[in-house]
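J.: give me the fold of what follows.
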Amino acid sequence: MTGMAEGMAEGTADGGADGPAAPAPTAGERRRRAPEGRGPVRYGPPAPQPGLPVLPELTAVLAEAADRAAPEPPGGGEAVREAACRYWARRGLPTDPENVAAGPGAPALLLALLGAHGGDVLLPRPCPAWWTPQVRLLGRRAYHVPTPAECGGVPDPYALLETVRRVRAEGGDPRVLLLSVADDPTATVPPPELLLEACEAAQSAGLFVISDESWRDTVHRPHDTLVLSPAEMLPDRAAVLVDLAGAQLPAGWPAAVLRFPDTPRGTWLRARTLDVLTATGAFVAGPVAGAAAYALDEPDAVAGRAYAAAALHGAVAAAAHRELLAVGALARPPQAGRHLYVDLTPLRAELARQGVGDAMELEDWLGARLGAATPGGQRFADDLGALRVRLSTGPLLGATPQQRLAALTARDPLALPHVRGALDLLGSVLAGPADRRRTETT
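T.: Purely as a prediction, here's the structure:
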């Protein structure tokens, strides 16, 4: 994925300071000016969205606070921070409000925390599309570490230790490990033993751990999937980040919370983070803060919607996974989120005949045929030459809010014609390359 500095430099090329002002190009026009539309950060893929209508209860809370004129203080007011404490307490992480900060979305909080902490950052490969640009924007180095075969989200512990050793021998300054316990893009949850090994490796290497847990409430089968937090294993060396757009709030209402260790170092780090939030004006909007506090308390309406949405996306993801395996593609079984991460390397020969030779070309080819965004693995710091893409389940739920809501309330969403049709399209698009491959091998 193109670095933030490159994206910002390319962004200045849209218009100069000399000559008469020209009409600003539309987003579509900018995208069509290839190759500029491929790499810049502002064109990076957003997190997969649920595609469901906003809960009426949340709309009512926001509307009630719409006339609030006073801004939230840096790091959030007491109401949202106390609600965050109750949220974490229900997940086995007792928290005090003075160890919490709120901000307008996870990117703002992560940027502030990384800026406050200092040092280079280690990340799993692949990782969320927005992580690496955050590190580069601060002028830090990002070192990507392979993930184990079982899951994404966490680095292989042996590879992590070797990377730290090598980087320090070369004069680097790795101080932070950024990981996820419910992963975008791979849609997996690391087994507890692997997470523990990664945390032990981070501790032995002297790394501070930032755990992005935005997707933990989108686990498809919560009674069968154990989600642990590094803050349980490294209470003095781990911060927890939760973007409420993961499960609680619409993406258009940006709010996130950050939990710091209850230590003198954690207190110092929170103060520095608040300094960065203040300097950048990264405050939660007042009405959104009220909705965030309401959502973090998880009343029946919010908790029920999150559970139902996770189950729906899980059912559709599992069906899509079966379609992909049937044509010879590779993918870890999806466990969380609204997406799958697919490896089409077994179909490479036939895809090459279609003009597809890398992840960037696969992104264009597959997206055009499915009519939905299919970001390639290169956007997630994966190998450009690998034929990997992230497929979102949201477009499979229907083309209209009414169809998607029908999928949410259906006893068997896979039996709905529009859902079945979308799954059939996915299978048929890849069936051509798969059939050609089978013919050639026989």
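
J.: next structured bit after the helix or strand containing Glu323?
T.: Using DSSP states H and E, the element containing Glu323 is helix 300-326. Sequence-wise, the next helix or strand downstream of helix 300-326 (DSSP H and E) is strand 330-331.

J.: contacts for that next one?
T.: The contact list for strand 330-331 (Cβ atoms under 8 Å, 6 or more residues apart in numbering) reads His321, Leu324, Leu325, Leu340, Tyr341, Val342, Asp343, Leu344, Thr345, Pro346. Just so you know, the C-beta spots here come from the backbone N, C-alpha and C atoms, and that holds for glycine as well.

J.: which strands or helices does the helix holding Glu323 pack on?
T.: Under the contact criterion of 3 or more Cβ pairs under 8 Å, 6 or more residues apart in numbering; DSSP states H and E, helix 300-326 touches helix 56-64, strand 330-331, strand 339-343, helix 401-409, helix 417-441.

J.: try it again with 6 Å
T.: strand 339-343, helix 417-441 (3 or more Cβ pairs under 6 Å, 6 or more residues apart in numbering; DSSP states H and E).

J.: which stretch in the ones you listed has the least confidence?
T.: Looking at these, the lowest mean pLDDT belongs to helix 417-441 (a mean of 80).

J.: contacting residues for Leu396?
T.: Taking Cβ atoms under 6 Å, 6 or more residues apart in numbering, we find Leu396 in contact with Val316, Ala422.

J.: next one: it from Arg221, what distance?
T.: 19 Å (Cβ to Cβ, to the nearest Å).

J.: now the strands for the stretch 151-300 of the chain?
T.: 174-180, 208-212, 238-243, 256-259 (DSSP state E, counting those that start in this stretch).

J.: okay, the shortest one in CSV with CA atoms only?
T.: Extracted in CSV, the C-alpha atoms of strand 256-259 (Å, rounded to 0.1, in the frame of the first residue of the first chain):
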residue,chain,number,x,y,z
ALA,A,256,-13.6,5.1,19.8
VAL,A,257,-12.2,4.5,23.2
LEU,A,258,-8.7,3.6,24.4
ARG,A,259,-7.8,1.9,27.6
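
J.: other residues contacting that strand?
T.: 84, 95, 100-103, 105-106, 109, 240-243.

J.: would you format the contacts of strand 330-331 as a markdown table with neighbour count and distance to Arg125 included?
T.: Shown next, in a markdown table, are the contacts of strand 330-331 (neighbours: other Cβ atoms under 10 Å; distance: Cβ to Cβ, whole Å):
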| residue | neighbour count | distance to Arg125 |
| --- | --- | --- |
| His321 | 19 | 22 |
| Leu324 | 21 | 21 |
| Leu325 | 13 | 23 |
| Leu340 | 26 | 18 |
| Tyr341 | 24 | 12 |
| Val342 | 26 | 16 |
| Asp343 | 17 | 14 |
| Leu344 | 25 | 18 |
| Thr345 | 14 | 16 |
| Pro346 | 16 | 21 |
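
J.: biggest separation within these, which pair?
T.: His321 and Thr345 (16.5 Å; Cβ to Cβ).

J.: any weak-confidence spans in this structure?
T.: Across the chain, the ranges flagged by pLDDT under 70 are 1-39, 434-442.

J.: one more time with 80, if that's ok
T.: Along the chain, segments meeting pLDDT under 80 span 1-40, 432-442.

J.: list the contacts for the closest residue to Leu93 other than its chain neighbours?
T.: Of all residues not flanking Leu93 in the chain, Ala231 sits nearest, at 5.6 Å (Cβ to Cβ, 6 or more residues apart in numbering). For Ala231, the contacting residues are Leu93, Ala238, Val240, by Cβ under 6 Å, 6+ apart.

J.: distance to Val181 added to the contacts of strand 256-259, as JSON lines?
T.: Converted to JSON lines, the contacts of strand 256-259 look like this (distance: Cβ to Cβ, whole Å):
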{"residue": "Ala84", "distance to Val181": "17"}
{"residue": "Thr95", "distance to Val181": "17"}
{"residue": "Val100", "distance to Val181": "19"}
{"residue": "Ala101", "distance to Val181": "20"}
{"residue": "Ala102", "distance to Val181": "20"}
{"residue": "Gly103", "distance to Val181": "20"}
{"residue": "Gly105", "distance to Val181": "19"}
{"residue": "Ala106", "distance to Val181": "14"}
{"residue": "Leu109", "distance to Val181": "17"}
{"residue": "Val240", "distance to Val181": "9"}
{"residue": "Leu241", "distance to Val181": "11"}
{"residue": "Val242", "distance to Val181": "11"}
{"residue": "Asp243", "distance to Val181": "13"}
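
J.: need these in a markdown table (columns: neighbour count).
T.: Listed next are the contacts of strand 256-259 as a markdown table, based on neighbours: other Cβ atoms under 10 Å:
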| residue | neighbour count |
| --- | --- |
| Ala84 | 28 |
| Thr95 | 22 |
| Val100 | 24 |
| Ala101 | 28 |
| Ala102 | 31 |
| Gly103 | 31 |
| Gly105 | 21 |
| Ala106 | 26 |
| Leu109 | 27 |
| Val240 | 26 |
| Leu241 | 21 |
| Val242 | 27 |
| Asp243 | 26 |
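
J.: before we move on, back to that, single out the most deeply packed of the helices and strands packed on helix 300-326.
T.: strand 339-343 (a mean of 24; mean count of other Cβ atoms under 10 Å).

J.: mind saving the C-alpha coords of it as CSV?
T.: Provided in CSV are the C-alpha atoms of strand 339-343 (Å, rounded to 0.1, in the frame of the first residue of the first chain):
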residue,chain,number,x,y,z
HIS,A,339,-15.5,-10.2,5.3
LEU,A,340,-13.2,-13.1,4.1
TYR,A,341,-9.6,-13.1,3.0
VAL,A,342,-9.2,-15.2,-0.1
ASP,A,343,-6.1,-16.6,-1.8
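
J.: and that strand, what does it pack onto?
T.: Applying 3+ Cβ pairs under 6 Å, 6+ apart, we find strand 339-343 packed against helix 300-326, strand 330-331, strand 388-392.

J.: give me the distance between the two termini of stretch 249-257.
T.: 13 Å (Cα to Cα, to the nearest Å).

J.: which positions within it qualify as buried?
T.: Leu249, Pro250, Trp253, Pro254, Ala255, Ala256, Val257 (16 or more other Cβ atoms under 10 Å).

J.: farthest pair in these?
T.: Taking Cβ to Cβ, no two of the buried residues of stretch 249-257 sit farther apart than Pro250 and Val257, at 16.4 Å.

J.: how far out from the middle of the chain is stretch 388-405?
T.: How far stretch 388-405 lies from its chain's middle: 17 Å, per Cα atoms, centre = their mean, to the nearest Å.

J.: tell me which residues in that stretch are buried?
T.: 388-398, 403-404.
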